[in-house]
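Chemist: Starting from these lines, generate the structure:
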Amino acid sequence: MERFSAVFVDDEPLTLELLYYRIDWELLNVEIVGKFTNVLEAIDAIKSLKPDIVISDINMPYLNGLDFGEIILDIYPQVKLIMLTGYENFSYVRKSLQIGVSDYLLKPICAEEIFVSVQKICGKIREERKEESYDAILTQYANESIWQRILLYETAPEEIYSSIDSRMVSAQNYSILLVEIQDCEFSNQEKFLVTREVMQFMYKFWRDIFFQPAFCRLLEVAVVLGGATDLFINAPILLEKLRETLPYNFALTFSENPVSLDVLPEEYALLQKILLYKFLIGYNHIILRKDIHEKSNDNVVNEKYYIRQISSALQARLVDQARHLSKEYLDAYKRTFCRLDDIRYCAANIIWIIARTFDSDDEVSFYCNLPAIWDIFVKCDTLFSLESFLWQCFHMITSQQAEQNTDLISEKIKSIIHEKYKDYEFSLNSIAEVLCRNPSYISRIFKQQTGENITSYIMRIRMENAKKLLSETSLKIGEIAENIGVIDANYFSICFRKYEGCSPSEYRLKMLNGK
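Modeler: The predicted model follows:
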C-alpha cells in the first residue's frame, strides 16, 4: 500500500495532540514524521524530512502560517499544505489561494473534515506520482530518437551530427510541428494512451515523409521534419484528419520557416509559447506567429478606474452595470495585451472584486463557494470558457439577490432543519453550505424573522421529537438520542432536562402515568 508522510506545525501543543490522536492516520496510510510548536524549527526539519503533507496553523508567533507556507512551497514545491485557523477571514483565503495552499479549514478541529481533506490530498499525490511515472515512460519512448534531447538542450552540439539519422543529416534546415491535445479531465493513464494514439496517427499521416517523433510530455506531440516539407499545406490537412479520426480537440502550430539544427531548441520553446495563445484563439485551430499581438504601449488599460467602477456598481447592487463594466475591462485587456497571463489576471481581479464586495455578513456570499469557484477558474483553458464562467458568476449573484425574500430564506432554513436534524454533525455551517450563504447572514435573518437563533431551533426540534419517541415508543434513552442526532446519551439527558425540566426517564414515566 502506498504510504505518505505528514508534519504538524502549531504553537499550541494541545492542537498537535488532537491532530495526532483524533485522526486514524493508519487508515489513511499516513506516517506522522514531525510535530512542531516552533515554526522556525519546522522549516529546518521540513528541508530534511521532505513530507508529502504539512498541516499548519495560520496564527503563530515569529512567523504566521501563510508566510511559513510561502517559504516551504518555495523550498519544496511538491508539498501539500493544509492551513488551520480560528478566524473566517477572507484575506487569509485569498492569500492561501495565491501561494498554492491545498486546503483551508476552520478551527475548532473537526476530525472528519481533516480526514476527508487529507484523503483527497493523498489521492491527488497518488495521481501526481502516476503522472510522473507515465511521463517517464513517454520520455523513454521518445528517447529512442536523439531529437528530444536536441530540443531540450540535453545533447551537446558536437554529439548531434554523430547521433541523428543519416537521412536527416543531409537536410540543411528543419521544421517542427507541435500538437497539443485538450485535457478533458483524463486520468493519467488515459492521458498516456491518448498521447500514444495521436503519435500513432502521426506515423501513418507522415508515412511518405521521413520525420522523427520528439514528444516530451503527456498530451503533447512534437515532430521534427526536413525543411523541404510544406507545412502550410500539410498542417491544415493534418488537423482536419485528426478531427475526423480522433474524438479530441487539438491546438496546432509549426515552424513557419525552416531553421538550422543549432537553433532548433529555441524554435521549439517559441512554438510552446505560441500554443499558450490557444486560450485566446481556441482549440481546433492552427496558431501562427501572425496571430500573436505584442503589447501595445499606446493604449494601456486604466486598471484602477475599472476596479473602482466595478466595486462601486456591486456595492450599489447594480449587478448588470458591474457586468457591463467587467466586459469593458476584459475587452480592454484583449485589445492591448492579448496574453494568457494578462487575461487571467484581469478575470481574477473581477472575481476578487465580487468576493470582496459580497464577503462577511452580506446577503450574497462568495466566501463559502470561493474554493470551488477558484478550482473552476483555473481549469478555463480558452477565452470563451473563461468569459462564460465570469458571466455565470454574475448570474449567480443575480439569482441569489432574486431569492432575497427573508421569509423564504427562513422557511428554507426550517425545511433543511426538519430534514437533517437526525444527523449528529448537522449545524449552522451545514445549512449555510446548502444555501450557499454566509453563516452569520442566515443566522441574523432567521433570528429577525422567528425571534429564535438557529442553534436553539435545532435543539428544540430535536427535543420535541425526543418527547414524541419517549411517549410513543419503548426505545432506550441512548437509541432515542441517536435518533434525534445527539451522539452521547449523557449529553442528551442534560439537554433534555434543561429543555423540559425533568430527565428523559422521568418524562416517560409521567407520560405513562398520564395515560
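
Chemist: What are the structural domain limits within this protein?
Modeler: Domain segmentation of the chain under automatic domain parsing yields 4-126, 143-287, 303-397, 406-514.

Chemist: got those as TSV, with mean pLDDT and distance to residue 132 columns?
Modeler: Every C-beta, even on glycine, is put in place using the N, C-alpha and C of the backbone. Formatted as TSV, the domains of the chain follow (pLDDT from 0 to 100; distance: least, CB to CB, whole Å):
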stretch	mean pLDDT	distance to residue 132
domain 4-126	86	10
domain 143-287	78	9
domain 303-397	75	21
domain 406-514	87	35
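
Chemist: May I see those domains organised as CSV, with mean neighbour count added?
Modeler: CSV is the format used below for the domains of the chain (neighbours: other CB atoms under 10 Å):
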stretch, mean neighbour count
domain 4-126, 17
domain 143-287, 17
domain 303-397, 17
domain 406-514, 16
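
Chemist: tell me which element the spatially most central residue of the chain is part of?
Modeler: Against the mean C-alpha coordinate of the chain, by CA atoms, centre = their mean, the closest residue is residue 375 at 3.2 Å. Following DSSP states H and E, one finds residue 375 within helix 370-379.

Chemist: just the helices in the stretch 101-250 of the chain please.
Modeler: In the stretch 101-250 of the chain, the segments counted as helices under DSSP state H, counting those that start in this stretch are 111-142, 147-151, 157-163, 166-169, 188-205, 231-245.

Chemist: helices or strands up against the fifth one?
Modeler: Under the contact criterion of 3 or more CB pairs under 8 Å, 6 or more residues apart in numbering; DSSP states H and E, the helices and strands touching helix 188-205 comprise helix 111-142, strand 174-181, strand 211-213, strand 220-226, helix 231-245.

Chemist: Of these, give the one that comes closest to residue 449.
Modeler: helix 111-142 (29.8 Å; CB to CB).

Chemist: hang on, the earlier thing: next SSE downstream of the helix holding residue 375?
Modeler: Using DSSP H and E, the helix or strand that follows helix 370-379 in sequence is helix 383-402.

Chemist: who does that following helix touch, helix- and strand-wise?
Modeler: Using 3+ CB pairs under 8 Å, 6+ apart, helix 383-402 sits against helix 278-281, helix 319-336, helix 340-357, helix 370-379.

Chemist: Could you tell me the angle between that helix and helix 370-379?
Modeler: Helix 383-402 runs at 160 degrees relative to helix 370-379, counting by axes from the mean of the first three to the mean of the last three CA atoms, to 10 degrees.

Chemist: heads up, I number from 35, so please use that
Modeler: New numbering, starting at 35: the last item is helix 417-436.

Chemist: Export only the CA atoms of helix 417-436, formatted as CSV.
Modeler: This file holds the C-alpha atoms of helix 417-436, laid out as CSV (Å, rounded to 0.1, in the frame of the first residue of the first chain):
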residue,chain,number,x,y,z
LEU,A,417,-11.0,32.8,-23.6
PHE,A,418,-14.6,31.6,-24.4
SER,A,419,-14.7,29.3,-21.4
LEU,A,420,-13.3,32.0,-19.1
GLU,A,421,-15.7,34.6,-20.2
SER,A,422,-18.6,32.2,-19.9
PHE,A,423,-17.6,31.4,-16.4
LEU,A,424,-17.3,35.0,-15.4
TRP,A,425,-20.9,35.7,-16.6
GLN,A,426,-22.0,32.6,-14.7
CYS,A,427,-20.6,34.3,-11.5
PHE,A,428,-22.6,37.4,-12.2
HIS,A,429,-25.7,35.2,-12.9
MET,A,430,-25.1,33.5,-9.5
ILE,A,431,-25.2,36.9,-7.8
THR,A,432,-28.4,38.0,-9.6
SER,A,433,-30.1,34.7,-8.8
GLN,A,434,-29.3,34.9,-5.1
GLN,A,435,-30.5,38.5,-5.0
ALA,A,436,-33.8,37.4,-6.6
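
Chemist: relative to helix 374-391, how tilted is it?
Modeler: 10 degrees.

Chemist: Check the offset of the helix or strand following helix 417-436 from the chain's centre.
Modeler: The first helix or strand that comes after helix 417-436 along the chain, using DSSP H and E, is helix 440-454. Remark: helix 440-454 is offset 30 Å from the chain centroid, using CA atoms, centre = their mean, to the nearest Å.

Chemist: Same question for stretch 531-542.
Modeler: The answer for stretch 531-542 is 49 Å, by CA atoms, centre = their mean.

Chemist: Next: stretch 224-232.
Modeler: For stretch 224-232, the distance to the chain centre is 24 Å (CA atoms, centre = their mean).

Chemist: And stretch 536-544, by the same measure?
Modeler: 52 Å.

Chemist: Can you tell me what sits against that stretch?
Modeler: Stretch 536-544 is contacted by residues 500, 501, 504, 505, 511, 514, 526, 527, 530, 531, 534 when judged by CB atoms under 8 Å, 6 or more residues apart in numbering.

Chemist: Equivalent analysis for stretch 263-278, please.
Modeler: For stretch 263-278, the external contacting residues (CB under 8 Å, 6+ apart) are 209, 211, 213, 232, 235-236, 239, 243, 245, 259, 282, 284, 286, 288-290, 318, 320.

Chemist: do the same with stretch 444-461
Modeler: With contacts defined as CB under 8 Å, 6+ apart, stretch 444-461 is touched by 146, 464-465, 468-469, 476, 479-480, 483-484, 488-489, 491-492, 495-496, 499, 516-521.

Chemist: Show me those residues that map onto helices.
Modeler: Among these, the members found in helices (DSSP state H) are 146, 464-465, 468-469, 476, 479-480, 483-484, 488-489, 491-492, 495-496, 499, 516-517.

Chemist: contacting residues around residue 487?
Modeler: 477, 480, 481 are the contacts of residue 487 under CB under 8 Å, 6+ apart.

Chemist: residues contacting the residue nearest to the first one when sequence neighbours are not counted?
Modeler: Counting by CB to CB, 6 or more residues apart in numbering, residue 488 is the residue found nearest to residue 477 once chain neighbours are left out, at 5.5 Å. With contacts defined as CB under 8 Å, 6+ apart, residue 488 is in contact with 447, 451, 462, 465, 476, 477, 480, 481.

Chemist: wait, the fourth one sits on residue 479?
Modeler: No - under the criterion of CB atoms under 8 Å, residue 465 is not in contact with residue 479, lying 11.2 Å apart.

Chemist: separation between the residue nearest to residue 215 when sequence neighbours are not counted and residue 212?
Modeler: Leaving aside its chain neighbours, residue 215 sits nearest to residue 253 (4.4 Å; criterion: CB to CB, 6+ apart). Distance of residue 253 to residue 212, computed by CB to CB, to the nearest Å: 12 Å.
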